[in-house]
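Give me a 3D structure for the following:
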Amino acid sequence: MIKKVIDSIGLAIEKTGEAFDKNLTTKEEVLEKVKDIQSKLVEARLAYQLAEANGNWMQRSWRPITGLVFAVIVIYNKFLGVAFGLPVAELEAEFWNVFQITLGIFGLTRGLEKTVNAANNIFQKKKRKGNE
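Down below sits the predicted model:
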């Protein structure tokens, strides 16, 4: 997909005869800039993961703990409490809003992590092929 974007940018540059940016005048320069940005993103992700891994257990575990707390509340209130006649709290609309936002953030951040990992794997494979 990135290649298609780069090719499109290169084609636009070639057709108009104008520079995409004052510093980027050819398709190869655009490609080099994209590779540079890509490598900086990978470095930033690795730095973030190292910082998170070197942190305390709470820093490493806050997402799973938050998910488990929401899961326990929902399972108790909707299933266990009802099935065994235990007292249940009425879950307010605000709870469901926070729950949805939290799931959305978790899904988005995890999706971004997977996308960066996949892009990194593709980039590394191309890099290895180029060195052979």
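
middle-most residue in this protein, spatially?
Centroid-nearest residue in the chain: Leu112, 1.4 Å away (criterion: Cα atoms, centre = their mean).

before we move on, which element is that residue in?
helix 93-131 (DSSP states H and E).

tell me the average confidence for that helix?
Averaging pLDDT along helix 93-131 yields 80.

Tell me the buried residues in that helix?
116, 120, 123 (16 or more other Cβ atoms under 10 Å). In this view, the C-beta of every residue, glycine as well, is placed from N, C-alpha and C.

Let me know the distance separating Gly104 from Asn97.
Distance of Gly104 to Asn97, computed by Cβ to Cβ, to the nearest Å: 11 Å.

so how far is the strand or helix carrying Asp36 off the chain centroid?
Using DSSP H and E, Asp36 sits within helix 27-54. Between the centre of helix 27-54 and the centre of its chain there are 13 Å (Cα atoms, centre = their mean, to the nearest Å).

helix or strand right after that helix?
For helix 27-54, the following helix or strand on the C-terminal side (DSSP H and E) is helix 57-75.
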